[in-house]
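Participant: Below are the sequence and a predicted model; questions follow.
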Amino acid sequence: MSDLKAETAPTLYRDGAFHQDLWTTLEEGADLSDMNNVLVPFKQALELFVARTNLPQAFGVVVGAEDDVAELAPYLDKIAVIDVSFPGFGDGRSFSSARLLKERFGFNGEIRAVGNYILDQMPFLVRCGVDSFVISSPKVRVGLERGDWPEVTNYYQPTGADGDKTIARRPWLRSKQSE
């Protein structure tokens, strides 16, 4: 039975390769006693921080698309991993959450994409600060196993990762020089 569970469990994809996912996602209200490498739901994490509960050394938070990551800002130094959830591939709120965590709040831990995203979105997620992907879609897995990684050469929206290269990638923003 445990072999079957391991085969059907999502796989972590990071740095161009598949890895074993060492984190366990807990249900709301689960007991954290004597646990490490656990991801807890957003609301429960906030309650634990406010109550000043002793947290496991390896502690993570699952952020839903509807959650306001600004509420985590005072506690980011206590968080090792944040899962940003995608309820549907057309729902872009978690793109914003990842970008805010990295660029505005300076989160240095790992941000993982979880849920319903597609292969074509993965390069954009990396630009927004996502470090790894929990692969649950068979189509995404097959594409990654084939070595597919969509090439995106032009971006409409700059990110903090672009630095000074932003204008070079967006020639339509260059000012016209007088003739």
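Facilitator: Thanks, I have it.
Participant: going forward, measure contacts and count neighbours with C-alpha atoms only.
Facilitator: Noted.
Participant: Is the most centrally placed residue in the chain in a helix, a strand, or coil?
Facilitator: Residue closest to the average C-alpha location in the chain (C-alpha atoms, centre = their mean): residue 112, at 3.0 Å. Here residue 112 is recorded as strand under DSSP: H, G, I helix; E, B strand; the rest coil.
Participant: quick one: it and residue 89, what's the gap?
Facilitator: According to C-alpha to C-alpha, to the nearest Å, residue 112 and residue 89 sit 15 Å apart.
Participant: How about residue 153?
Facilitator: 21 Å.
Participant: Who has more neighbours out of those two?
Facilitator: Of the pair residue 153 and residue 89, residue 89 is the one with more neighbours under other C-alpha atoms under 10 Å, namely 12 against 6.
Participant: Identify the residue nearest that one in space, chain neighbours excluded?
Facilitator: Spatial nearest neighbour of residue 89, chain neighbours left out: residue 117 (4.5 Å); criterion: C-alpha to C-alpha, 6 or more residues apart in numbering.
Participant: The one you found belongs to a strand?
Facilitator: No: counting by three-state DSSP, residue 117 is not part of a strand but coil.
Participant: beta partners of the residue nearest to the centre of the chain?
Facilitator: residue 83, residue 132 (DSSP bridges).
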